[in-house]
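>>> missing the sequence, but the structure's below:
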């Protein structure tokens, strides 16, 4: 059911929904991220008669595994609770009946997870009609028509109808109208303002509002904004009663929405309007949404909490270089968990904010919740205008946006996307009415997708073959396998009494689920007749044609109610005409220019034919609505040439006035305002992405205007843009095959350059870390569109190589493409292994392997040493764990060897570590177990399961030799290893306290944690209050995994709210695996009223609470380590249980402290003191018990 401004705009095929409660369409869904469980619920029909059986279906699913079997799901109704048990596919159902009419909420619950669905219970009415929303003016008469039809057979209704009109809470009209041939016509006129409704036999036929003047206000502004941002809202205002532009004061209502408690606060402002136009500037408050209302018009702005804008110097003048940012690449396809590098460029040095926002995968191909998770980091350009930022993609992320200034980079991940459709046949005759078939025709597909579709990533959007898709209907489940393209189809037979006995209102939903949790729900669809409307200034012509859904001639035509009238914002603002059409109809007469709303019943396709013969159709859920318009004197071009920069499109209005336009480009919505001269001539300035030469681009623009000769709003303007100049840089592709090649052998290099406007120059070089090895430069006397070259390059040694290709086109645009490739050495040895002896293999004096076999045997051993990990998936997994690979070793034997032990020695160079800025203590050896990398330095003395033929690996020893520059490990077998470095990952963990007293010097503690490898060079930690630096501390070095707190002194000077921000490594001295967590912002409050002695007491309490908090959080890790040691040392179970008892008591006390809010943020609360103290004491007892047991 569609609601607009509180009024129901719906006509039912079976009956009208008169309950006043919105219908819940689709399958209802809930998901618990902590438990990784999905819950679905839906009914077999959302509209039933009293005592008619309705089936409630539920599905319980665990993403990554499948249906949760033998689980109890509770279904709750007003009558009680029902428990159902899921089958092996996670499916369960329950049959219900409802004796009384009304709306019923049905809720499903599983643990803390719940969701619900809505069911309407109504008797079948004697007739159907289209409900209307009306805007009326005082002391004017309006002719409003309805056409009434009988359910099922859709023939005109004849009979008595009780018509009642309520206005301003009182009954002003009541009469019995004898309807013939379905037509009911009323004249409405009121002499005062207010609101009311028209009832037919007690059922709402219309909601209406009577105004002193009908002031149509189109509000233009951004769809989203940031707290504190100044936004301009434009108003185009038309007086519909006077048929002229509005001039005068206009009240604008600003309604702030707060989703946390679903409250609103309303403010009113007065805006002066002149000749139909006004604007005002709004400072965005801290709320979730702003609803702006003026006259008959509204606009919503979604509020985001943090602004991505940079912070330029305050002394900026017009003579300075414009501040421009770019991010390269601006679009990245990444893996969850991968660490990626972005190059950020600016035109002006300084320190600026960069925001990184991540949106989770919600098992669909789009993003539902646009709040996301935003982190802010500082980017400092000091002596350079280009910096590299490394960002780690969260495992749960589906899409991310990195913003600095107006520049944005988008980061995508591939996730399974499921889609499906379900159809059932439909027939009609005046004698039997509408009848449905008994078989659901189902089809769909499963493929990897990103949030947005890109042509150059098409190869990644492959169908997922041979995957099982579960198809749930309210009456059971069917499984199908996808074909090689990821497609599937099935026919599902449903007992005829369980299919909808009419159409659209009672159609069931079908749920599709994949093991990953990807899902899609769709409503069973049917063929629909096509209703064509042709509207001109000479009249209206209507024609009904048979259905051709899915390219099939179903032969279906149904009688249709068609109504229309002038409209604004989904309300009729004048007379309404209603017709009953069986095949075609004509309404002659002069049609004045304006925008007209057409509605039809039942919800057939509502179509139009454009001048070129193209057909466009749309359909709704109950009725179908569509906008048509008649213009006079408006000239909008259909196509325009693009020559780069901002597109200037000439338009013409019927007279002098103001116009607006809005459109979408690259996922962002843009809007503009323009004015015309006395002759109606104006320019629309449209931002267009750079287009290749010769390409056409279709823009769908919403357009409207107010002029001295008329007004039109929300016209669909289709504009074709033809690029006639070269505005894009050359397209460059470069590949190196294979990416890892043996020393002395060739790689094949392919370079291809294309530019529609012509290529002027191509340069390419091959370099290693320090030297240029090969250089080529080509200059073309006559520009060419394409250039390709293929050549071989011989790998010189065990080193990293970079292919750098630069292309310049005739317009001066430059493209650079970098490709990394690597050298490797392969040593093959025939070894006669002898037990109790050692055998050595040395490769390129960089890798030494010592083998101690457990028995005598002869084997062939292939040792591959490469400067980079060969396997792309393994390389991504390494960066995802925060490591950088320096060398890769793979050992293969012709048969499984029984080793006693082996030793690997891998060398590294000081130059490489200096280039990375990494400590030698960060160099380590990693083992690839087939699915993940294992840092051997962290598992000495442990046996770890793996996927190799050996079943597991034991790490006997590990060490570093900084004098001779090598790392060694003593392990149980050979396989795939890598020499790598653990990059640092400095994170601002916490800031506290956040409660302060005015005039009292206090200490703010900033907690820093290193989630990555060690840091052996100095870096700063800076604290800001309301953007002003209040302290800076230099830290010399940090060990891996270290956590520490730094104190900063600050005295608040006045009461109020403060923003406290801590930044670690603001100057980017440290190369990190993830630089998106270097900053934390908290909100703080300073209050008055505490005496000096009381303030001193509060400060003392804060310090004590903080110490207890610090000791408790740090000792948790100490306890875990001691507990593991105690288990390995076979400490008695009784002792372990005693220690656990005290730990559980400590956790309980800490949870009590947390009930007052985040502990660190409320560290000054006296109520926390006993709980934090007891938590510390109990945990200390647990640690003492374990320490005593281990010493014994």
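Happy to help now that I have it. Quick caveat, the model's predicted, so the values are computed rather than measured.
>>> Could you give me the buried positions within stretch 216-225?
216, 217, 218, 219, 220, 221, 222, 224, 225 (16 or more other CB atoms under 10 Å). C-beta here means a position set from N, CA and C on the backbone, and glycine is covered the same way.
>>> That should have said stretch 645-663, apologies.
For stretch 645-663, by 16+ other CB under 10 Å, it's 647, 649, 651-663.
>>> Next, the distance between the ends of it.
17 Å (CA to CA, to the nearest Å).
>>> Equivalent analysis for stretch 1122-1140, please.
End-to-end distance of stretch 1122-1140: 12 Å, with CA to CA as the criterion.
>>> Determine the number of other residues adjacent to residue 287.
Around residue 287 there are 18 other residues, counting by other CB atoms under 10 Å.
>>> Quick check: it touching residue 303?
Yes: in terms of CB atoms under 8 Å, residue 287 counts as a neighbour of residue 303; the distance is 5.7 Å.
>>> Pretty sure residue 937 sits in a helix.
Yes: with DSSP: H, G, I helix; E, B strand; the rest coil as the criterion, residue 937 is part of a helix.
>>> Averaged pLDDT, stretch 508-525. What do you get?
When pLDDT is averaged along stretch 508-525, the result is 93.
>>> Following the chain onward from the helix or strand of the chain with the lowest mean pLDDT, which element is next?
Scoring the helices and strands of the chain by mean pLDDT, DSSP states H and E places strand 7-8 at the bottom, with a mean of 22. Using DSSP states H and E, the helix or strand that follows strand 7-8 in sequence is strand 28-32.
>>> how many other residues sit next to residue 259?
11.
>>> can you pull the pLDDT of it?
Reading off the confidence values, residue 259 has pLDDT 86.
>>> mind starting the numbering at 24 from now?
That works, and once the first residue is 24, the last one we named lands at residue 282.
>>> what's near enough to touch it?
By CB atoms under 8 Å, 6 or more residues apart in numbering, the contact set of residue 282 is 311, 312.
>>> how close does it get to residue 55?
20 Å (CB to CB, to the nearest Å).
>>> Same check on residue 67?
For residue 67 relative to residue 55 (CB to CB), the value is 26 Å.
>>> now do residue 604
51 Å.
>>> ok, these two, which is more surrounded?
When neighbours are counted by other CB under 10 Å, residue 604 and residue 55 differ, and residue 604 comes out ahead with 16 against 13.
>>> Enumerate every residue touching that one.
Counted by CB under 8 Å, 6+ apart, residue 604 has contacts 554, 565, 567, 582, 583, 584, 585.
>>> Serialize those residues to a markdown table and add fields for secondary structure.
As requested, those are exported to a markdown table (three-state DSSP):
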| residue | secondary structure |
| --- | --- |
| 554 | strand |
| 565 | strand |
| 567 | strand |
| 582 | coil |
| 583 | strand |
| 584 | strand |
| 585 | strand |
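>>> what about the helices in the stretch 774-923 of the chain?
Using DSSP state H, counting those that start in this stretch, the helices of the stretch 774-923 of the chain run over 895-903.
>>> Which residue, other than its chain neighbours, is closest to residue 379?
Nearest residue to residue 379, sequence neighbours excluded (CB to CB, 6 or more residues apart in numbering): residue 1099, at 4.4 Å.
>>> And for the one you found, the neighbour number?
Neighbours around residue 1099, by other CB under 10 Å: 25.
>>> One more: the one 5 residues further on?
A count of neighbours around residue 1104, defined by other CB under 10 Å, yields 16.
>>> Run through the bridge partners of the residue nearest to it when sequence neighbours are not counted.
Nearest residue to residue 1104 in three dimensions, chain neighbours excluded: residue 1084, at 4.7 Å (CB to CB, 6+ apart). Assessed by DSSP bridges, residue 1084 has beta-bridge partners residue 1047, residue 1104.
>>> these two touch, right, residue 1084 and residue 1046?
Yes: using CB under 8 Å, residue 1084 is in contact with residue 1046, at 7.4 Å.
>>> Give the residues shared as contacts by these two.
With CB under 8 Å, 6+ apart as the test, residue 1084 and residue 1046 reach no residue in common.
>>> ok, residue 841 to residue 664 distance?
Counting by CB to CB - residue 841 and residue 664 are separated by 35 Å.
>>> same check, this time on residue 854
According to CB to CB, residue 854 stands 73 Å off from residue 664.
>>> These two: which is more packed in?
residue 854 (17 against 10).
>>> Show me the strands in the stretch 374-523 of the chain, by range?
Using DSSP state E, counting those that start in this stretch, the strands found in the stretch 374-523 of the chain span residues 396-404, 409-415, 420-427, 430-436, 438-446, 449-452, 456-459, 462-472, 491-496, 499-504, 510-516.
>>> Can you check which of these gets nearest to residue 862?
Among those, strand 409-415 comes nearest to residue 862, with 41.5 Å by CB to CB.
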